[in-house]
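Asker: Structure, please.
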Amino acid sequence: MSGDVGDRLIFEAEWFDTVAGFTKRFYLYYYPADNTIELFDIRSRKTFLRRTKCEGVGLKDLYVGTVVTIFSRPMKITDVADSFTKSKLGVTIQKTFALLKPDVICKMGEILKIITAHDLHIADIKMVKLTEYDVEKLYKNDEHFDSIKSYLTSGPVVLLTLLGNNAVARWRELIGPTDSIKARGDASNSLRALYGKDAIFNGFYGSSSPEQAEKEVEMFFTSAKSEKCPLKNTATMRNCTCCIIKPHAVQGRLTGDIVCDIQKAGFTISAIQRFHVDPINAEEFLEIYKGVLSDHGAMVAELQSGPCISMEITHKDENVNVPLEFRKICGPIDPDIGRQVRPNTLRAKYGKSKVQNAVHCSDLPDDGLLEVEYFFKILDDGSS
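Answerer: Residues are numbered from 1 along each chain as shown. All right, here's what the predicted structure looks like:
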């Protein structure tokens with residue numbers, strides 16, 4: 001390998017080669033000194049990609065379970081490959097479990113923007129309705145358990161896995177003291193000071209320790225997917241449309257900005273969840289555009305290139321034609337055109353090209369429901 005390898009991190013990664021028809025395994029070398037990467041094909045024992053810089057990929061993007069796009073190839077990081085990398089990441093990158101409580105969901109976009117601004121990466125997200133049993137997992141020893149249980153089961157909550165340097169302590173510092181009234185005096189810029197009401201209706205939850213964070217992420221994300229009664233998503237399947245934040249925009253830390261704009265436009269996000277769409281499902285979902293759009297192949301490649309975030313969009317006014325009106329705030333499919341004629345639309349503000357145009361939205365009213373069902377009934381194991 002070229003260059004200084006003294007501070008080199010090594011991951012195991014895999015990529016499904018659609019041409020060859022099988023999954024290839026690699027060592028992914030990352031060099032923090034100059035933010036370069038290198039790929040070594042494990043099977044052929046040859047260098048697959050010489051050491052180079054890759055736009056959009058840095059240390060904060062590299063952790064087990066994620067998918068990073070390396071020159072249009074979606075690489076899933078499956079493990080760390082040596083003890084140095086494990087010890088290094090254990091010190092620098094930490095995960096924590098976070099929860100946005102029912103009364104702050106309407107401000108979700110603002111809150112996600114604040115999280116990202118504090119250099120905490122949103123590694124997973126799902127809106128669910130908690131049961132009393134779920135609340136017990138977090139608060140069974142709390143003296144106010146009955147009040148908290150009533151509060152947390154009163155409406156949807158948003159579950160998050162956050163990643164970052166010293167993430168557990170930093171998230172708890174960001175949300176502030178348990179009592180929102182006390183927070184307004186002692187930590188006026190904390191989330192509980194800004195959005196909470198009191199010691200019960202305080203808007204947020206955060207793991208108390210790295211060990212607790214591991215357990216809670218496992219309970220609410222990892223093992224929940226394999227349980228017989230997993231956490232159910234909150235999709236309503238009524239007068240709705242589908243919006244997908246595309247992988248390039250997720251990787252570009254634009255989730256909070258896009259969610260914030262959607263909510264400020266008067267729409268309700270009634271379900272939200274992170275997905276990684278495999279090649280077969282990406283092709284199936286976008287099949288309607290085959291032969292219609294010349295960029296169909298590139299659109300399929302983009303959708304499967306990394307994690308995306310799918311949302312069910314509704315409106316409190318049932319007379320609103322949600323698919324039609326929501327398309328207006330998304331703007332023209334080509335962001336360059338959007339920037340000329342409708343500069344405040346989502347694609348104009350956050351899109352790069354016709355393929356990487358920040359968001360997918362349903363074309364027709366009937367498609368809105370079908371696309372919501374595709375993600376929240378077919379792809380999600382936690383559907384009702």
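Asker: Only C-alpha atoms from now on, for both contacts and neighbour counts.
Answerer: Fine.
Asker: who does Thr268 bridge with?
Answerer: Following DSSP bridges, Thr268 is listed with bridge partners Thr314.
Asker: Would you confirm that it contacts Glu318?
Answerer: No. Between Thr268 and Glu318 there is no contact under C-alpha atoms under 8 Å: 11.5 Å.
Asker: Pick out whichever of those two has more residues nearby.
Answerer: The neighbour count for Thr268 versus Glu318, taken as other C-alpha atoms under 10 Å, is higher for Thr268 (20 against 11).
Asker: Please report the distance of that one from Pro177.
Answerer: 29 Å (C-alpha to C-alpha, to the nearest Å).
Asker: so where do the strands sit in the protein?
Answerer: For the chain, strands defined by DSSP state E occupy the ranges 9-17, 22-31, 36-41, 46-52, 67-70, 73-80, 94-100, 121-128, 157-164, 204-206, 241-245, 267-275, 308-315, 359-361.
Asker: can you tell me which of those strands the model trusts least?
Answerer: Mean pLDDT is lowest for strand 67-70 among the strands of the chain, at a mean of 82.
Asker: can you give me how far that strand is from the chain middle?
Answerer: With C-alpha atoms, centre = their mean, to the nearest Å as the basis, strand 67-70 stands 14 Å off its chain's centre.
Asker: Quick one: find the helix or strand in the chain with the lowest mean pLDDT.
Answerer: helix 83-92 (a mean of 78; mean pLDDT, DSSP states H and E).
Asker: Can you tell me what sits against it?
Answerer: Under the criterion C-alpha atoms under 8 Å, 6 or more residues apart in numbering, residues Arg8, Leu9, Ile10, Phe11, Val80, Gly164, Asn165, Asn166 lie in contact with helix 83-92.
Asker: hang on, isn't Asp103 packed against Gly203?
Answerer: Yes. Between Asp103 and Gly203 there is a contact at 6.6 Å, judged by C-alpha under 8 Å.
Asker: Just want to know which of those two has more residues nearby.
Answerer: Taking other C-alpha under 10 Å, Asp103 and Gly203 do not tie; Gly203 has more neighbours (26 against 21).
Asker: how near is the more buried one to Lys129?
Answerer: As judged by C-alpha to C-alpha, Gly203 and Lys129 stand 15 Å apart.
Asker: cool, Ser180 as well?
Answerer: Counting by C-alpha to C-alpha, the gap from Ser180 to Lys129 is 23 Å.
Asker: Next: Gly291.
Answerer: For Gly291, the distance to Lys129 - C-alpha to C-alpha - is 40 Å.
Asker: Ile378 too?
Answerer: Ile378 is 19 Å from Lys129, by C-alpha to C-alpha.
Asker: higher neighbour count, the two?
Answerer: Neighbours per residue (other C-alpha under 10 Å) separate Ile378 from Lys129, with Lys129 holding more: 17 against 12.
Asker: mind listing what's buried in the least confident helix or strand of the chain?
Answerer: Neighbour-count burial for helix 83-92 flags Thr85, Leu89 (criterion: 16 or more other C-alpha atoms under 10 Å).
Asker: That concludes my questions; thank you for your assistance.
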